[in-house]
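1. Sequence and computational prediction follow.
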Amino acid sequence: FGYGRTDVSRFPRAAWLRSVRAVLTTTPNDRFAYLDGRGVPELREALCDYLNRVRGTSCVPDHMVICNGYGQGISLLIQVLVRRGARRIALEDPSSDDDARVLARAAGLDVVGVPVGPDGVQVGALHRTDADAIVLTPSHQWPTGAVLSAAARAEVIAWAERRGAIVIEDDYDAEYRYDRSPVGAMQGLAPDHVVYCGTASKTLAPGLRLGWMVVPPRLTADVADAKMLADRGSPVIDQLAFADFLARGEFDRHLRRMRPVYRRRRDALLHALRTHLPDLEPAGVAAGQHVVAWLPPGLDEAAVVTAAARHGLGIHGLGPYRIAGAGPGGLIFGYAVLGESAIAEGVALLAQAIREVRGGCRSGRRPFV
């Protein structure tokens, strides 16, 4: 049940090949020379058209920077913020431990966690952080799956305006919404204070290393310069191919094909949890490629993860992703790359592992010593 994975076996090879052929046949020679750090104009224009139409952004091509996935994008942003005098960055608690948290600490920033509740980050706690920036996953919080409420979005934006702070919006998997249309991006509400970060990693394939940022005007030149200094720009053919792929509607068609695939896998997971582990409480089920299930009181998260591993089952607990180190136990079920039968088998194995943990606790023994 590893998280953060995309079913790359469904990558639309034939459609992508058509775009590559079109690029190699029709692209002017000057596009293969050095370009500025923002990326090729064709991709920035195609992405702005898509994001404004689908994600509700307020995007213009001149304020977009193409990067090698979210990892490079957040690295560039942190560099720019530090050079501009930032001292502290706020992160959702819990949150990913392999990008912003590591990079911010390496850059010398103080990192402070802001607790996440059922409606997203708790804005009251944000006011007490004295942060210069905050990283949010507002449309589908990672890992809890919470959606930041409209009222909380407005409060976060008001906080950023008062402090002159920056909101970094990581929109990592918002296109996969199963109960209604995807929740709109925060950037459209405050383009002068929100950096919108998107990526093809969860929608197409992480190996493409394609990401994009819609940057407030006052930061665009600095971020583009940081990109040029980092690697002289992302590969041109890949950028142009993705631009053609977007313009021909292939990206929309791919998402329409994949939503029912992931929805069936999510439904299989929820059915298996109801059948085998009804006292676990799923959350964040309406979108994305993973589900969190909260453990009942008295069931130790670390013991469950260890017991599952003894049954050959890989699953992550929430504990390692907490900044403050406190909170209820939960398990992260990634389902994007699993067939429905494998999902059912995995949950059955987990139920067996949990029975053994509970049996060991009731008998007074430490389980699996």
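-> All right, it came through fine. Numbers count the residues shown, from 1 in each chain.

2. need the contact list for the residue nearest the centre of the chain.
-> Among the residues of the chain, the one closest to the centroid is residue 172, at 3.1 Å (CA atoms, centre = their mean). Contacts for residue 172 (CB atoms under 8 Å, 6 or more residues apart in numbering) come out as 70, 137, 140, 142, 197-199, 201-202. All C-beta atoms are positioned from the backbone trio N, CA, C, and that covers glycine.

3. Please repeat the previous calculation with a cut-off of 10 Å.
-> Each residue near residue 172 by CB atoms under 10 Å, 6 or more residues apart in numbering is listed here: 4, 70, 96, 137, 139-140, 142, 197-199, 201-203, 211, 288-289.

4. Would you list the phi and psi of it?
-> Per-residue torsions, residue 172: phi -70, psi -30 (degrees, to the nearest 10).

5. Start at 52, not 1
-> Sounds good: first residue 52 from here, last item residue 223.

6. ok, it to residue 76 distance?
-> Applying CB to CB, to the nearest Å, the value for residue 223 to residue 76 is 33 Å.

7. mind listing which of the contacts of residue 223 are in strands?
-> 248-250, 262 (DSSP state E).

8. Regarding this protein, what is its longest strand?
-> Taking DSSP E as the criterion, the chain has its longest strand at strand 161-168.

9. Now do stretch 216-230: distance to the chain's middle.
-> The chain centroid and the centroid of stretch 216-230 are separated by 7 Å, computed with CA atoms, centre = their mean, to the nearest Å.

10. Ignore what I typed, I meant stretch 278-294.
-> Its chain's C-alpha centre and that of stretch 278-294 lie 21 Å apart, by CA atoms, centre = their mean.

11. before we move on, what about stretch 128-136?
-> With CA atoms, centre = their mean as the basis, the mean position of stretch 128-136 lies at 22 Å from the chain mean.

12. who does whichever strand or helix holds residue 314 touch, helix- and strand-wise?
-> Element membership for residue 314 (DSSP states H and E) is helix 301-327. Helices and strands touching helix 301-327, as assessed by 3 or more CB pairs under 10 Å, 6 or more residues apart in numbering; DSSP states H and E, comprise helix 64-77, helix 92-101, helix 287-298, strand 332-334, strand 341-345, strand 381-385, helix 391-413.

13. now do 7 Å
-> Where contact means 3 or more CB pairs under 7 Å, 6 or more residues apart in numbering; DSSP states H and E, helix 301-327 is packed against strand 341-345, helix 391-413.

14. Between these, which has the poorest mean confidence score?
-> Of all these, helix 391-413 carries the lowest average pLDDT, namely a mean of 92.

15. could I get that helix in PDB with only the CA atoms?
-> Taking Å, rounded to 0.1, in the frame of the first residue of the first chain, the C-alpha atoms of helix 391-413 are listed here in PDB:
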ATOM      1  CA  GLU A 391      -8.700  -4.900  -6.900                       C
ATOM      2  CA  SER A 392      -8.000  -8.400  -5.900                       C
ATOM      3  CA  ALA A 393      -4.600  -7.400  -4.500                       C
ATOM      4  CA  ILE A 394      -6.200  -4.700  -2.500                       C
ATOM      5  CA  ALA A 395      -8.700  -7.200  -1.000                       C
ATOM      6  CA  GLU A 396      -5.900  -9.600  -0.200                       C
ATOM      7  CA  GLY A 397      -3.800  -6.900   1.400                       C
ATOM      8  CA  VAL A 398      -6.500  -5.700   3.700                       C
ATOM      9  CA  ALA A 399      -7.200  -9.300   4.700                       C
ATOM     10  CA  LEU A 400      -3.500  -9.700   5.600                       C
ATOM     11  CA  LEU A 401      -3.700  -6.500   7.600                       C
ATOM     12  CA  ALA A 402      -6.700  -7.700   9.500                       C
ATOM     13  CA  GLN A 403      -4.800 -10.900  10.500                       C
ATOM     14  CA  ALA A 404      -1.800  -8.800  11.600                       C
ATOM     15  CA  ILE A 405      -4.100  -6.500  13.700                       C
ATOM     16  CA  ARG A 406      -5.700  -9.600  15.300                       C
ATOM     17  CA  GLU A 407      -2.300 -10.700  16.400                       C
ATOM     18  CA  VAL A 408      -1.400  -7.300  17.800                       C
ATOM     19  CA  ARG A 409      -4.600  -7.200  19.800                       C
ATOM     20  CA  GLY A 410      -4.100 -10.800  21.000                       C
ATOM     21  CA  GLY A 411      -0.600  -9.900  22.200                       C
ATOM     22  CA  CYS A 412      -1.800  -6.800  24.000                       C
ATOM     23  CA  ARG A 413      -4.700  -8.600  25.700                       C
END
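
16. That one to strand 341-345, inter-axis angle?
-> 20 degrees (axes from the mean of the first three to the mean of the last three CA atoms, to 10 degrees).

17. Looks like residue 407 contacts residue 358 (just checking).
-> Yes: at 5.7 Å, residue 407 counts as touching residue 358 under the criterion of CB atoms under 7 Å.

18. that older thread, who wins for proximity to residue 108 among the helices and strands packed on helix 301-327?
-> Using CB to CB as the measure, strand 341-345 is the one of the helices and strands packed on helix 301-327 that comes nearest residue 108, at 24.4 Å.

19. Measure how that closest one sits relative to strand 381-385, angle-wise.
-> Going by the same axes, to 10 degrees, strand 341-345 makes 160 degrees with strand 381-385.

20. So which elements touch strand 341-345?
-> Partner elements for strand 341-345 (3+ CB pairs under 7 Å, 6+ apart): helix 301-327, strand 332-334, strand 381-385.
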